[in-house]
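Student: Sequence isn't available, so here's the structure alone:
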């Protein structure tokens with residue numbers, strides 16, 4: 001999704017001849033900070049994988065995901081494969097762990113409406129390290145402090161006596177307040 005935002009900004013610049021310098025600066029600031037996480041999350045989404053990557057970005061992203069993969073793989077208990085059960089010896093479900101990333105990327109891309117978390121739960125034996133990465137990278141945080149703070153501040157501005165303020169004026173007050181408190 002964040003890659004699409006960059007494309008939308010570019011469209012506004014080219015098609016509508018709108019000055020988007022401020023949008024681009026803010027986008028680049030946030031994207032640079034979250035870029036690696038965005039790429040990893042995109043790769044770990046079995047509905048997308050590497051389909052949206054530009055060819056010039058693929059090798060760079062593969063290096064990023066391989067480095068993170070190696071970190072996860074080298075954690076304690078990570079090297080132990082489920083070999084203790086009788087059924088696992090009869091029906092091996094483990095793909096060669098050295099090729100886990102390649103095998104995952106070669107596997108069929110899921111449909112748009114597929115449940116990503118169910119995929120990873122069902123395939124945790126095939127892709128043990130990647131499934132742990134997916135659990136960490138695809139999880140949704142329970143709360144967002146900045147969002148809660150914003151609603152709390154808006155509640156302080158909009159009171160019973162000031163309930164007719166326009167949305168633009170409320171936005172301006174909150175913007176001014178953030179400029180004053182950020183310094």
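Tutor: It's in. Here the structure is a predicted model, which means the values were calculated and not measured.

Student: And the residue located most distally from the centre of the chain, what's its pLDDT?
Tutor: Among the C-alpha atoms of the chain, the one farthest from their average position, using CA atoms, centre = their mean, is that of residue 161, at 41.5 Å. Per-residue confidence for residue 161 comes out at a pLDDT of 79.

Student: Now it: phi and psi?
Tutor: Taking degrees, to the nearest 10, you get phi -80, psi -20 for the backbone angles of residue 161.

Student: how near is it to residue 133?
Tutor: Counting by CB to CB, to the nearest Å, the gap from residue 161 to residue 133 is 52 Å. Placement of C-beta: from N, CA and C, glycine included.

Student: could you pull out the helices for the chain?
Tutor: All helices of the chain, identified by DSSP state H, fall at 2-15, 21-44, 55-73, 86-90, 100-106, 116-122, 128-137, 145-157, 167-182.

Student: Need these in TSV (columns: mean neighbour count).
Tutor: Rendered in TSV, the data for these read as follows (neighbours: other CB atoms under 10 Å):
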stretch	mean neighbour count
helix 2-15	13
helix 21-44	15
helix 55-73	14
helix 86-90	9
helix 100-106	15
helix 116-122	14
helix 128-137	20
helix 145-157	10
helix 167-182	11
